[in-house]
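Student: Can you look at this prediction? I've put the sequence above it.
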Amino acid sequence: MSEDARFEDGGERPLRLRALDGDDLAVISALVQDAVFPASEMIWTRKDRRFAVLVNRFRWEDAEKAQSRQRAFERVQSVLVIEDVQSVQSQGVSRADGDVVLSLMALAFEPGVDGGGKVVLTLAGDGVISVAVEALEVVLRDVTRPYMAPSGKAPDHRG
């Protein structure tokens, strides 16, 4: 019987990070690189001014340890939340097929006026989601225990 990996195994805790500036966002961007999610897992709640997506995040923070211990690489489900949202636009992303799986490559902040700007989610295959915000506030929170990455491999961008 196989058992899911546990945060307790490495003395690690689920991630809960908040980005309030570009440097903070760069850390979150590195941690969500190669996260995958079906298009149906994105939601913009206009009333709450919140854009959220449930992603299956590759655990980059654990990859070196997994490799050195010759154990499986891990993923974990995480919620990525962008607050103070004014509008959401996308390019190259079809919401018509909610089962299409998207791959998140990077997050970036494009500053605007008075602390506002755009949080840009760059997706594999030239897709982009642009989230206009009044102020930068992005939260990444792990919501499940880690599980073995289905591919058994770390994402590879060579080549």
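Tutor: Received the coordinates, thanks.
Student: which helices and strands sit right next to the longest helix along the chain?
Tutor: Counting by DSSP state H, the longest helix found in the chain is helix 22-32. Judged by 3 or more C-beta pairs under 8 Å, 6 or more residues apart in numbering; DSSP states H and E, the packing partners of helix 22-32 are strand 16-19, strand 50-58, helix 60-68, strand 74-82, strand 101-111, strand 138-142. The C-beta positions use only the backbone N, C-alpha and C, and glycine is treated the same way.
Student: could you measure the most centrally placed residue in the chain against G112, distance?
Tutor: Nearest residue to the geometric centre of the chain (C-alpha atoms, centre = their mean): V32, 3.8 Å. Applying C-beta to C-beta, to the nearest Å, the value for V32 to G112 is 22 Å.
Student: just to revisit the earlier point, A39 is nearest to which of the helices and strands packed on helix 22-32?
Tutor: Shortest distance between A39 and those, using C-beta to C-beta, is found for strand 101-111: 6.0 Å.
Student: Listing partners with orientation, what would you give for the next helix or strand after that closest one?
Tutor: Counting by DSSP states H and E, the next helix or strand C-terminal to strand 101-111 is strand 117-123. Strand 117-123 has its sheet partners listed here by DSSP bridges as strand 101-111 (antiparallel), strand 128-133 (antiparallel).
Student: now, of those, which is deepest in the fold?
Tutor: strand 128-133 (a mean of 19; mean count of other C-beta atoms under 10 Å).
Student: Compute the distance from the centre of that strand to the centre of its chain.
Tutor: Chain-centre distance of strand 128-133: 14 Å, with C-alpha atoms, centre = their mean, to the nearest Å.
Student: same thing with stretch 60-78?
Tutor: The chain centre lies 16 Å from the centre of stretch 60-78; the measure is C-alpha atoms, centre = their mean.
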